[in-house]
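# Make a model of this:
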Amino acid sequence: MKTVVCFGDSNTWGYVPGSDGERHPRDVRWPNQLQHLLGDDWDVIAEGLNGRTATIERPDSEGRNGLPYLLPCLHSHAPVDVVVIFLGTNDVNFIDDDRVARCVARLVEIVRRCDAEPLVLVPPPFDGHSLGPSFAEELDCPLLDLDGVTSYPVVHDDVEHLDADGHAAVAQAVADRLSS
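Okay, the predicted model is just below:
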C-alpha cells in the first residue's frame with residue numbers, strides 16, 4: 001500500500017466558496033475523491049488547514065505556518081510515499097509571487113528528506129496572481145499546474161476557493177498523475 005499526504009490550505013480542507021467557514025461534505029473534498037479514484041492500494045491522508053501558508057507566520061492568526069508542522073506531520077504518517085503540496089493562495093497576501101515559490105521549495109526539501117516524493121499543485125490563477133511561472137522557475141520537482149484543469153469561481157468576492165466541480169477536477173488530475 002502506498003501513502004499520500006495531501007498538505008494544503010482551505011482548498012484541501014474543503015472551504016465552501018463565498019461561505020462563512022462552511023465545509024464541503026467529505027465526499028466532495030478532493031483528497032477524499034482522490035482516495036476513491038486511487039482505490040484500496042493507496043492510503044490518502046488529508047492535511048488541510050484554513051489559512052495555511054507555506055512558511056509565513058501570519059499576523060492575523062496563529063498556527064497557520066506550514067513549515068514547522070510539515071516534518072512532524074510526515075513523521076506521524078510514516079512511511080509516506082508522496083506528498084501533494086497545494087499551497088500559495090494565502091502566501092500572496094504577505095509576499096510576492098516569486099517568494100511564494102521559494103517558500104514552497106523549502107517544503108519540498110523537507111518532503112525529500114523524509115524519503116517521500118513531492119508533487120506540487122500550482123493554484124489556478126486568481127485575483128491577478130498566476131503562480132505557474134514562478135513555481136516552474138523556482139521548484140525543482142514534479143508540478144501539476146491547475147491552470148486549465150480548474151478555476152476558482154467568484155462567489156460573493158471569494159476568488160480563491162474550489163467549488164464541487166473544482167474538487168472533482170483536482171482529484172482526477174492528481175489521480176491521473178499518481179497512476180501514470
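# Tell me the buried residues in stretch 74-86?
Applying a neighbour-count criterion of 16 or more other C-beta atoms under 10 Å, the buried positions in stretch 74-86 are 74, 77, 80, 82-86. (Glycine included, C-beta is placed from N, CA and C.)
# Report the two of these separated the most.
Greatest spatial distance among these (C-beta to C-beta): 77 and 86, at 16.5 Å.
# Spatially nearest residue to the spatially most central residue of the chain (excluding sequence neighbours)?
By C-alpha atoms, centre = their mean, the chain has its centre lying nearest to residue 86, at 1.5 Å. Leaving aside its chain neighbours, residue 86 sits nearest to residue 8 (3.6 Å; criterion: C-beta to C-beta, 6 or more residues apart in numbering).
# Against residue 15, how distant is that neighbour?
Remark: distance between residue 8 and residue 15 (C-beta to C-beta, to the nearest Å) = 11 Å.
# higher neighbour count, these two?
Between residue 8 and residue 15, counting by other C-beta atoms under 10 Å, residue 8 is the more crowded of the two (25 against 22).
# Now do the contacts for the more buried one.
When contacts are counted by C-beta atoms under 8 Å, 6 or more residues apart in numbering, residue 8 touches 47-49, 52, 84-87, 121.
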